[in-house]
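**Student:** Predicted model follows, preceded by the sequence.
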Amino acid sequence: MKLNTLIIAASAAIAVSTHAFSEELKFASFTPPFHTINASVIEKLNTDLSAATNGALTVRGYHGGELGAGPAEQYIRVLQGAADMAWGLPGYTSSQFGKTMIAELPGAIPEDMPGYEALWRAYDKHLSGEFPGTKPLALWTSEPNIFIMRNKVIRTPADLAGLKIRVAGATAADVATALGATPVQMPASQIYNAMQTGLIDGVITGASTLKDFKLDEVADSLTLGAPLGRLVFYTVLNGNVYDDLTTDQKAAIDAVSGAGLSKNAEDAWLKTATEALKVARADSANTITDLTDSERTAFTKAVSGVVQSYVKRVDGAAALTAMEGK
């Protein structure tokens, strides 16, 4: 064999080996590095994958929209190959995730049931079709939603009449409408300015946003205890990227993702929320309203028809039953 042929063959072998056995996966995040997603998912994936593959697979986070601006475009960013992985909220593109978003509805998942367990129970038979072209690595939910307001104290549904309330997606919009508010859909990254300028009066979201999006700086009233559901999150990997990995690398991805990674993320969200609420309660500038049982009942009655109506609209009865573990 000629020397040139040997060199070409060796170079090709090295290229294949480098591609197959040493790869940095790009993880797109629309939030800053201090956000809960970084340590709980991005850094954990990097640590666990690197350990499982002896450094052959690593994960690098690209924060603050570095791989492309726009929180609502996270999923398509992975499909188009601008990122190998990304995280996002199904609510930002609600029409794609009709059944997945059942998990966001008030009472759809009992409050003492981990959201990630419910989502994975329903995934194979009912939700997988809503994640085309990707491999979901984690599916989880937030802490229970609360009212986070500026210059408004919410104690009854009547207090919401005429107020502009930011929501993440279609399910929360249904809840806000049932309570007499006007829903305004926008990504979490826009809430701060919208509240500061008066574009919205408040938001239905989890307490973790007080820290992760610095809403503690613009909000001064929190109402806890109303049945407002939760938020759902995903982390996905480009399906072609996964298919191109070696058998061992696929096994490593499988081992470090799924329910375990989802639990880690959900636990981290709950921890961030608990810490943020502790800080908020200690701030005398804030009005914290913990609803009584009778006050909570008024909200429960107001949103009682939302779950059945939404589930029927998306033909999601079987998905809901699977989430509930029935």
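**Tutor:** Structure's in. What do you need? Numbers count the residues shown, from 1 in each chain.

**Student:** just checking, V303 touches A172?
**Tutor:** No: taking contacts as Cβ atoms under 8 Å, V303 lies outside contact range of A172: 10.6 Å. Every residue, glycine included, has its C-beta placed from N, CA and C.

**Student:** between the two, who's got more neighbours?
**Tutor:** Taking other Cβ atoms under 10 Å, V303 and A172 do not tie; A172 has more neighbours (29 against 22).

**Student:** pLDDT wise, what is the more buried one at?
**Tutor:** Per-residue confidence (pLDDT) for A172: 97.

**Student:** how about P183, secondary structure?
**Tutor:** What DSSP: H, G, I helix; E, B strand; the rest coil gives for P183 is strand.

**Student:** wait, doesn't it sit right on A173?
**Tutor:** Yes: using Cβ under 8 Å, P183 makes contact with A173 at a distance of 3.9 Å.

**Student:** overlap in contacts of those two?
**Tutor:** Common contacts of P183 and A173 (Cβ atoms under 8 Å, 6 or more residues apart in numbering): V167.

**Student:** Do you have the strands of the chain handy? List them.
**Tutor:** For the chain, applying DSSP state E gives strands covering 23-28, 57-62, 85-88, 134-141, 146-149, 164-167, 182-185, 202-205, 221-224, 232-238, 287-290.

**Student:** Make JSON lines out of those strands and add mean pLDDT and distance to T321.
**Tutor:** Shown next, in JSON lines, are those (pLDDT from 0 to 100; distance: least, Cβ to Cβ, whole Å):
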{"stretch": "strand 23-28", "mean pLDDT": "97", "distance to T321": "34"}
{"stretch": "strand 57-62", "mean pLDDT": "98", "distance to T321": "35"}
{"stretch": "strand 85-88", "mean pLDDT": "98", "distance to T321": "26"}
{"stretch": "strand 134-141", "mean pLDDT": "98", "distance to T321": "18"}
{"stretch": "strand 146-149", "mean pLDDT": "98", "distance to T321": "28"}
{"stretch": "strand 164-167", "mean pLDDT": "98", "distance to T321": "26"}
{"stretch": "strand 182-185", "mean pLDDT": "98", "distance to T321": "28"}
{"stretch": "strand 202-205", "mean pLDDT": "98", "distance to T321": "26"}
{"stretch": "strand 221-224", "mean pLDDT": "98", "distance to T321": "29"}
{"stretch": "strand 232-238", "mean pLDDT": "98", "distance to T321": "17"}
{"stretch": "strand 287-290", "mean pLDDT": "98", "distance to T321": "33"}
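
**Student:** Which of those strands sits closest to A265?
**Tutor:** Closest to A265 of the strands of the chain, according to Cβ to Cβ: strand 134-141, at 4.6 Å.

**Student:** Which strands border the closest one, and is each parallel or antiparallel?
**Tutor:** Under the criterion DSSP bridges, strand 134-141 sits next to strand 232-238 (antiparallel) in its sheet.

**Student:** Please enumerate the shared neighbours of V303 and A172.
**Tutor:** Common contacts of V303 and A172 (Cβ under 8 Å, 6+ apart): L228.

**Student:** just to revisit the earlier point, the strands of the chain into TSV, with extra columns for distance to Y192 and mean neighbour count?
**Tutor:** Below are the strands of the chain laid out as TSV (distance: least, Cβ to Cβ, whole Å; neighbours: other Cβ atoms under 10 Å):
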stretch	distance to Y192	mean neighbour count
strand 23-28	21	20
strand 57-62	22	19
strand 85-88	19	27
strand 134-141	23	24
strand 146-149	11	27
strand 164-167	11	24
strand 182-185	14	18
strand 202-205	10	27
strand 221-224	16	22
strand 232-238	20	25
strand 287-290	19	15
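
**Student:** for the ones you listed, which one sits closest to V314?
**Tutor:** strand 232-238 (13.6 Å).

**Student:** picking that back up, let me have the strands of the chain in a markdown table, extended by distance to A194.
**Tutor:** As requested, the strands of the chain are exported to a markdown table (distance: least, Cβ to Cβ, whole Å):
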| stretch | distance to A194 |
| --- | --- |
| strand 23-28 | 23 |
| strand 57-62 | 25 |
| strand 85-88 | 19 |
| strand 134-141 | 24 |
| strand 146-149 | 12 |
| strand 164-167 | 6 |
| strand 182-185 | 8 |
| strand 202-205 | 8 |
| strand 221-224 | 16 |
| strand 232-238 | 21 |
| strand 287-290 | 20 |
